[in-house]
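A.B. asks: Predicted model and sequence follow; I will ask about them next.
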Amino acid sequence: GQSLEQPSEVTAVEGAIVQINCTYQTSGFYGLSWYQQHDGGAPTFLSYNALDGLEETGRFSSFLSRSDSYGYLLLQELQMKDSASYFCAVRDKGRSGANNLFFGTGTRLTVIP
Amino acid sequence: DTGVSQDPRHKITKRGQNVTFRCDPISEHNRLYWYRQTLGQGPEFLTYFQNEAQLEKSRLLSDRFSAERPKGSFSTLEIQRTEQGDSAMYLCASTALASSSYEQYFGPGTRLTVT
C-alpha cells in the first residue's frame, strides 16, 4: 500500500514564502506530484518530481529526496488566490504494474493580508 | 475548464437506490481514472481504464461499484444499493499516456448525497 503525510493546515501572510512538506511510504515509487484544489473546484496539476532536486515553475517550486522519501512544495510571493488545499500524490506502480496516483490528505493553506 | 466533463454535477438519492455517473475525458486521452473524495480528504483512487480495458480496481471498492468504458471514450460509474457512506464527490480524470499519469486532468466532479 501507500501512505503519505502532510500537515493539515498552514497559514501564511500575503507576499511571504511557505513550504508544505510531504513524506511518503510506497513500494513502487516513480515520482511525486503536487496538485492544488480550491474549495468547490477540481484538483489541478502544479508540479512533478521524478528525480532528486528542485523543480521551479514560476512562483512554485517542488523538491524531492528519494532517499528520504520526502518532498516539499514551495510557494513564493504568496497571493490571496493561493488559498486552497494542496495535495502531494505518489506516482506508484500499483498492483497491476501500471502508473497510478495516490493522494495524501492535503494541506489547507490560508493566506492572510 | 480542463476539457473533462462529468454528468450530473449533483445527485441526491435515497438509500438503496442505484445511481450512475458519466465522465467524458479529453478526446485523445487513453487513460481514464475514477476517484472518490470526501470532505477534508484527498482523492481516493477507485479504478482506471486504458482505452476500454479496466486495468485496476481499488481493494477498497465494494462489489456495489462497477465502472465501464465500452468504446474507450466516455465512462460510467454505477453504484448499486447506495448507502449513506457513499456520499462523496466522485471525480474523473484523464491522461494521454501511462508515462504522463503524473499529470491528470480532472473533471468538476459529481457530488452524491445519499439520504
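C.D. replies: Good, I have the coordinates.
A.B. asks: what sits against the residue in chain A that chain B sits nearest to?
C.D. replies: Residue of chain A nearest chain B, by Cβ to the nearest Cβ: A:Phe103 (3.4 Å). In short, each C-beta sits where N, CA and C put it, glycine included. Each residue near A:Phe103 by Cβ atoms under 8 Å, 6 or more residues apart in numbering or on different chains is listed here: A:4, A:35, A:87-89, B:35, B:42-45.
A.B. asks: What of B:Gly85?
C.D. replies: Here B:Gly85 is in contact with B:Val114 (criterion: Cβ under 8 Å, 6+ apart).
A.B. asks: And what about it, helix, strand or coil?
C.D. replies: Under DSSP: H, G, I helix; E, B strand; the rest coil, the three-state class of B:Gly85 is helix.
A.B. asks: measure it to B:Leu46 for me?
C.D. replies: Relative to B:Leu46, B:Gly85 is positioned 14 Å away (Cβ to Cβ, to the nearest Å).
A.B. asks: picking that back up, does the residue lying closest to the residue of chain A closest to chain B once chain neighbours are set aside belong to a helix, a strand or coil?
C.D. replies: Among residues not flanking A:Phe103 along the chain, B:Gly42 sits closest, at 3.4 Å (Cβ to Cβ, 6 or more residues apart in numbering or on different chains). What three-state DSSP gives for B:Gly42 is coil.
A.B. asks: And the residue of chain B closest to chain A?
C.D. replies: B:Gly42 (3.4 Å).
A.B. asks: Bridged to the spatially closest residue to A:Glu9 that is not a sequence neighbour, which residues?
C.D. replies: Of all residues not flanking A:Glu9 in the chain, A:Arg108 sits nearest, at 4.9 Å (Cβ to Cβ, 6+ apart). Here A:Arg108 sits in beta bridges with A:Glu9, A:Ser85, going by DSSP bridges.
A.B. asks: Now do A:Arg108 against B:Tyr48, distance only.
C.D. replies: Counting by Cβ to Cβ, the gap from A:Arg108 to B:Tyr48 is 27 Å.
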